[in-house]
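> structure of the sequence below:
(one chain, ligands or ions: 2)
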Amino acid sequence: MSKSITELFGELVFDEDTMEQRLPKDTFRELQKTMKEGRSLNIKIANAVANAMKDWALEHGATHYTHWFQPMTGVTAEKHDGFINVNGKGKVILEFSGKELIKGEPDASSFPNGGLRATFEARGYTAWDPTSYAFIKNNVLCIPTAFCSYSGHALDKKTPLLRSMEAVNKQALRILKLFGNETVKSVKTTVGPEQEYFLVDKKFYEQRKDLIYTGRTLFGAPSPKGQEMEDHYFGTIKSRVQEFMNDLNNELWKLGILAKTEHNEVAPAQHELAPIFTTTNIATDHNQLTMELIQRIAKKHDLVALLHEKPFEGINGSGKHNNWSLSTDTGINLLEPGETPHENAQFLLFLCAVLKAADEHQDLLRLSVATAGNDHRLGANEAPPAIISVFLGDELTEILEAIENDQPYDGKEKEIMKVGAHVLPKFAKDATDRNRTSPFAFTGNKFEFRMLGSSASIAGCNIVLNTAIADELKQFADVLEKAPDFTSALHALIQGTIKEHKQIIFNGNGYDESWVEEAQKRGLLNLKTTPDALPYFIKENNIELFKRHHVLDEEEVTSRYEIMMEEYVKVLNIEALTMVDMAKKEILPAVSLYSKRLAETCLMKEKLVSQQQCYEKETLEKMTQLLNKAYQALTHLESILETSKTINDFEQLAFFYRDNLILAMNDLREPCDELETMTAQDIWPFPTYGKLLFGI
Ligand code: ADP
Ligand code: MG
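Ligands and ions are numbered 1, 2, ... in the order given. The predicted structure is shown next:
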């Protein structure tokens, strides 16, 4: 009989319950304490924990262990070590020590490190993050870790994320103290990421080099049907897909991942999965695992999951919504407006911190989601524009306006809104949630940052969100702690912040052309592409920001900048090479072959029948023109790739690719896609959009 969900849930996780059952009381208590206080484990405790962990893992079929970490590649890394050891008498024993639990030493030199390797030691080490539980995946005990160089520099996405969470904790506690709240011991940022993806049949996927090498189609004419009928969104899930989803949910639940919602998305073959939110570092680990499992489980069902931001031209791409809030250890959501004037005032201050952060750090928010893949989405009328703005909904905006101008709010009771003295009028939660075009929307008790690409690690944008908001909270606390009269200082601070930063609020349609003009008038940034956005990372004020909160130091910022810029270049380079390969070896030869068939038929027909019009001849003429156009475009693309070899500077190369390579790729795709529509099905070398999108 299959297990119930409650039995299944967390089965493969060495969680608090398991620890309590398996560890001596003292050890358990000591471990809990070190985890809460964020101190490092002493070796005696570590040995006891490691031993219990090993026994538990062996009982659950594990044979190996690994330090599981998140290098700058954006995917996770693991190197398996067996528990197996020799006992000197020709027999094996199974061992796992405390030392092996707390620290690992993978060779850091083969991971992207953006120059940190040159100036510092190549060796790196991984250190257990005990706030994220160990788990078993594919018979391997995985220990979630942070990855640093021996000089202490972060080589991964997790270390700065943990540091940024600590920055928010520190500053938010200062604010809460000002409001007289002494019972709260910690404030954590919470995240629930909604994950979009496509599913295609494995047998079609395997015939497409573009999907295999780049995760997206580089060629492909639109199929007769796309997403125009709007019949896929929330539609009935096909049984093959449902079987995949059931299997996926079970595996996610076993890993303690709170998979909750599943549905069909707007584009054909597109789906979404959302978990219940949790603490940010765990949400990040879980999202990485979710992406991995989506891909692995799909294969078991002879499907392939595409996590790319834009797998198909002409239909929606995939994103990830990062739902973000702040929560106290006493269970209070600090972005919940609350019921009393006191709660309302505190809420308004946190809200103002987010507004100010979004306005002052538009550049960082934008660049935190900048990749070659996501450039296809942002600003392309299917995802939020590349311009940062905040959606608050009309009611909350009117309330802020009333506060700003000391004017009566036109709600039920006409009242001047005095912060700390008046209850906020109730605004309907629903009214705040229906603008899907906003990049950053307040949705009743959380903010939803919607610019992420589907394949991104959520660490990047949360590092920026946390650090930027921590900085605003710090500034607020600096002012308020010194204020002789807290209430009037608070009112003035909130009023002043609204006045100064209301330009970032936009409740209208972000897809509308007029918004781009309006945003320009307001002086908001519009960083259209990755090379436009990334250089803002290394601006002095941004380096200072990350330094101030001990999230990243200067070397860490510049190395990350380099890695991201280089990744852009590498992605485009692979895409261009794949296009050349497909055009040369598959598309052009196929069209040439079909031309021969047309020509031969035409010649034969001319001998046998008299005709005024000849289908074969006319098609052949048009086809020949397009084939030559494709050939020229191919030659041009190749020459651009040749030129790029002479550019050694990665920044120059990024701009060169943005301005030349992308255009050349489009120029090659266009005639090839048209040729696809004219070539016989039996000759076209790979499955078309129709098969990929509707073939399951
Ligand atoms: P939708 O955005 O589709 O209307 P919901 O608002 O119910 O759906 O939730 C979307 C995501 O937001 C879910 O993953 C949910 O767990 C998450 N979420 C809800 N509350 C919070 C919170 N306080 N902090 C972070 N994420 C949250
Ligand atoms: Mg949502």
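> just the CA atoms of the helix or strand where Leu593 lies, as PDB, please.
Using DSSP states H and E, the element containing Leu593 is helix 588-608. What follows is helix 588-608 as a C-alpha-only set of coordinates in PDB (Å, rounded to 0.1, in the frame of the first residue of the first chain):
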ATOM      1  CA  LEU A 588      20.700  23.900 -45.700                       C
ATOM      2  CA  PRO A 589      21.400  20.400 -46.900                       C
ATOM      3  CA  ALA A 590      17.700  19.500 -46.300                       C
ATOM      4  CA  VAL A 591      16.500  22.400 -48.300                       C
ATOM      5  CA  SER A 592      19.000  21.600 -51.000                       C
ATOM      6  CA  LEU A 593      17.700  18.100 -51.200                       C
ATOM      7  CA  TYR A 594      14.100  19.200 -51.400                       C
ATOM      8  CA  SER A 595      15.100  21.600 -54.100                       C
ATOM      9  CA  LYS A 596      16.500  18.700 -56.100                       C
ATOM     10  CA  ARG A 597      13.200  16.800 -55.700                       C
ATOM     11  CA  LEU A 598      11.300  19.900 -56.900                       C
ATOM     12  CA  ALA A 599      13.700  20.500 -59.800                       C
ATOM     13  CA  GLU A 600      13.600  16.900 -61.000                       C
ATOM     14  CA  THR A 601       9.800  16.700 -60.700                       C
ATOM     15  CA  CYS A 602       9.500  19.900 -62.600                       C
ATOM     16  CA  LEU A 603      11.800  18.700 -65.400                       C
ATOM     17  CA  MET A 604       9.900  15.500 -65.800                       C
ATOM     18  CA  LYS A 605       6.500  17.200 -65.800                       C
ATOM     19  CA  GLU A 606       7.700  19.600 -68.500                       C
ATOM     20  CA  LYS A 607       8.300  16.600 -70.700                       C
ATOM     21  CA  LEU A 608       5.000  15.100 -70.100                       C
END
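> show me what it is in contact with.
By C-beta atoms under 8 Å, 6 or more residues apart in numbering, the residues outside helix 588-608 that reach it are 611, 614, 616-617, 619-620, 623-624, 626-627, 630-631, 634, 675, 679-680, 683-685. Placement of C-beta: from N, CA and C, glycine included.
> what parts of the stretch 51-200 of the chain come near ligand 1?
Residues of the stretch 51-200 of the chain lying near ligand 1 by C-beta under 6 Å from any ligand atom: 190-192, 194.
> can you give me the helices in the stretch 451-600 of the chain?
Ranges of helices within the stretch 451-600 of the chain are 459-482, 486-501, 513-522, 530-533, 540-548, 554-582, 588-608, based on DSSP state H, counting those that start in this stretch.
> mind checking those helices for the one nearest to Ile696?
Set against Ile696 and scored by C-beta to C-beta, the helices of the stretch 451-600 of the chain come closest in helix 554-582, at 23.4 Å.
> in that closest one, what's buried?
By 16 or more other C-beta atoms under 10 Å, the buried positions in helix 554-582 come out as 555-569, 571-573, 575-576, 578-580, 582.
> give me the subset of those residues touching ligand 1.
Applying C-beta under 6 Å from any ligand atom to the buried residues of helix 554-582, none is adjacent to ligand 1.
> now tabulate the helices of the stretch 451-600 of the chain in CSV and tack on mean pLDDT.
Below are those laid out as CSV (pLDDT from 0 to 100):
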stretch, mean pLDDT
helix 459-482, 98
helix 486-501, 96
helix 513-522, 95
helix 530-533, 97
helix 540-548, 98
helix 554-582, 97
helix 588-608, 96
